[in-house]
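S.K.: coords please:
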Amino acid sequence: KGASAWYESPHRIEQTLLDAAHAGVTRCFLLREYTKRHEQRLHGSPAEVAAALPEPVRGELVLIVAGGGAGSALKGAGRASIQEIDERIDALLAEGTGVAAIARALAAEGLGERRGLYARAAQRKAGTPDPHD
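M.R.: From the prediction side, this is the model:
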């Protein structure tokens, strides 16, 4: 079945982990600052890894996703879930709901990690395109 590995930037890692969770990825491993003083190794579900990240995220990151087909799910099949989240965000924004409240509500519904949802809602409110789309 194999695994897929990506180098990811600190400002995109939370969204990548959110996308991985929605694509059905159940296990991943993140290596931050390999061979350096602040080396960090995180493993578990995408949500568990995201929760263990320092704030703010800095350094060089390598994300390894276990399981066959996980890489293709991140690039394609997981988009339906992201589209549904975007539609929910847009509807709540149209009702006048604030970005923080949207992130809390969607995280409570199990749709992702609050920080990633907050960033996505803020992007959508500002009309900024997502670099993953």
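S.K.: which ones are touching Leu31?
M.R.: Shown in contact with Leu31 (C-beta atoms under 8 Å, 6 or more residues apart in numbering): 39-41, 61-62, 64. C-beta coordinates here come from the backbone N, C-alpha and C atoms, glycine included.
S.K.: name the SS class of it, please.
M.R.: Put simply, Leu31 is strand when judged by DSSP: H, G, I helix; E, B strand; the rest coil.
S.K.: I'd like the numbering to begin with 18 instead of 1 from here.
M.R.: OK, 18 is where the count begins now, so the last one is Leu48.
S.K.: name whatever forms a beta bridge with it.
M.R.: Arg58, Val79 (DSSP bridges).
S.K.: now do it against Glu72, distance only.
M.R.: Remark: distance between Leu48 and Glu72 (C-beta to C-beta, to the nearest Å) = 18 Å.
S.K.: okay, strands next: where are they in the protein?
M.R.: 20-25, 45-49, 57-61, 78-83 (DSSP state E).
S.K.: out of those, which one sits most buried?
M.R.: Ranked by mean neighbour count, the strands of the chain are led by strand 45-49 with a mean of 21 (mean count of other C-beta atoms under 10 Å).
S.K.: relative to strand 78-83, how tilted is it?
M.R.: Our comparison of strand 45-49 with strand 78-83, counting by axes from the mean of the first three to the mean of the last three C-alpha atoms, to 10 degrees, yields an angle of 160 degrees.
S.K.: run the chain-centre distance for strand 45-49.
M.R.: Its chain's C-alpha centre and that of strand 45-49 lie 13 Å apart, by C-alpha atoms, centre = their mean, to the nearest Å.
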